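Participant: fold the following.
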Amino acid sequence: MTHTSLADTLKTRTNAHRYLTTGFTELTALGWHEPTPAGASAGQALSVVIPARNTAFALPTVLDAISAQQHAAAVEVILVDDASTDSTFDVARRHPAVTTAVRLADRRGSAAARNVGARLAQSPTILFVDADMVLPSHVFADVAARAAADTVLTGFRHNVRYQSSPCGGPLLPDGPPLLAADHRVTWKPPVGQVLPYSGITLTDELDGRPLDATDDFQNLGYGRSYYDWDLPRMAVTALLAVPREQLVDVGGFAEEFGALGWGMEDTHLGAALIAAGCLVIPLRQTVGYHLDPPDAAAQWQSKLAGWPRTLAHYRHLLALPAPGGHGRAFATTTDKHLTDAEVITR
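Facilitator: Modelled structure (predicted):
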């Protein structure tokens, strides 16, 4: 019996989402890309899952911003500490924004940490937020008001070099984070070098605009690409909302990526959810400050060293059938992680 590969399944999936965004505006009189009044999220539920590993330098600021969210939704915040060696878990279990704090007994990787959070989540929509992402106050309302069972909603990030403020926390720029700071929005690739994801080499300078040039990612449907970008790469878990039922059915994040190196588990999840029929829709107003760690240069060097291995594994998974029907395996794996974990629930 032959099976259609994940890569071939992606070629059959559209990303024409305009009917959803215009329908939302017609129903609510709110623009899809406008910050959302708190009341517009009334009656909705949201599970926020934060994987964390040695992020005490940023976490108080991140959680303070979560406490300042203005919404009317039922929100739970689940932070999963991946066996940090700093004070990350102490910060999490004491902060009032966190409703459930989990400390894994052994380091499992960010994919496993997110899966554990998803296992504990009670809401139909899970918003993944990195432990170094500082969010504007309207983000929870933006997501809760627009989430649906077949949509992947992606926000954006404005990277900020670490600087310590006089009070000891990270120093944030004045004003709101900028959409154009995200590489999916403004992209200037190198010339004359092989781009490792696609394997193409650009011979001329390019002022790349992935978000605009693809009509909010719609033109990336059916497996199409924009130079080095395709639709699964737009699913970045620094700030990403997914339907919990679909996430569980595809088996969550593939945890083996963590043993190979850094990255690609979010791209693979994006591919799996797209293959399952989800649309990937950007929220241009949903941009957070992504705080670099104090040792950012060393961390990036270490992460990039492992990226060829994770990319090769992703290519391998693309050749396999699209995942589905993995809910029981997902529960078994995550429950095993929780067996010796410390869980504190308010």
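Participant: where in this protein is pLDDT low?
Facilitator: Per-residue confidence of the chain (counting by pLDDT under 70) places the weak regions at 1-2.
Participant: and the strands in it, which stretches?
Facilitator: Assignment of strands within the chain using DSSP state E yields the ranges 45-52, 74-81, 100-103, 125-129, 133-134, 151-160, 225-226, 229-230, 239-243, 279-291, 342-345.
Participant: from the rest of the structure, what touches the fourth one?
Facilitator: With CB atoms under 8 Å, 6 or more residues apart in numbering as the contact definition, strand 125-129 has outside contacts at 44-51, 62, 66, 114, 117-118, 135, 140, 143-144, 147, 237-244, 247, 288. (Each C-beta comes from the backbone N, C-alpha and C, glycine too.)
Participant: change it to 7 Å
Facilitator: Defining contact as CB atoms under 7 Å, 6 or more residues apart in numbering, one finds that strand 125-129 is touched by 46-50, 114, 118, 135, 143, 147, 237, 239-244, 247.
Participant: rewinding a little: may I see the strands of the chain arranged in TSV, with distance to residue 17 as well?
Facilitator: TSV is the format used below for the strands of the chain (distance: least, CB to CB, whole Å):
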stretch	distance to residue 17
strand 45-52	20
strand 74-81	25
strand 100-103	32
strand 125-129	16
strand 133-134	24
strand 151-160	7
strand 225-226	16
strand 229-230	16
strand 239-243	14
strand 279-291	4
strand 342-345	36
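Participant: tell me which of those sits nearest to residue 306.
Facilitator: Evaluated with CB to CB, those place strand 45-52 nearest to residue 306, the distance being 17.4 Å.
Participant: now for the closest one, which elements pack on it?
Facilitator: Judged by 3 or more CB pairs under 7 Å, 6 or more residues apart in numbering; DSSP states H and E, the packing partners of strand 45-52 are strand 74-81, helix 110-120, strand 125-129, helix 139-146.
Participant: sheet-wise, list the partners of that strand with their directions.
Facilitator: For strand 45-52, the paired strands and their directions (DSSP bridges) are strand 74-81 (parallel), strand 125-129 (parallel).
Participant: buried residues, the longest one. List them.
Facilitator: Residues of strand 74-81 classed as buried: 75, 76, 77, 78, 79, 80, 81 (neighbour count, 16 or more other CB atoms under 10 Å).
Participant: contacts for stretch 320-330?
Facilitator: Under the criterion CB under 7 Å, 6+ apart, residues 3-6, 9, 115, 248-252, 272, 275-276 lie in contact with stretch 320-330.
Participant: for it, list every residue counted as buried.
Facilitator: Within stretch 320-330, the residues scored as buried using 16+ other CB under 10 Å are 322, 323, 326, 330.
Participant: just the ones of those residues in helices?
Facilitator: The subset of these located in helices under the criterion DSSP state H comprises residue 330.
Participant: of the buried residues of stretch 320-330, which is the nearest to residue 96?
Facilitator: Distance from residue 96 was checked for each of the buried residues of stretch 320-330 by CB to CB. The minimum falls on residue 330, at 30.2 Å.
Participant: tabulate the helices and strands packed on strand 45-52 in a markdown table, adding columns for distance to residue 341.
Facilitator: Written out in a markdown table, the entries for those read as follows (distance: least, CB to CB, whole Å):
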| stretch | distance to residue 341 |
| --- | --- |
| strand 74-81 | 8 |
| helix 110-120 | 7 |
| strand 125-129 | 18 |
| helix 139-146 | 26 |
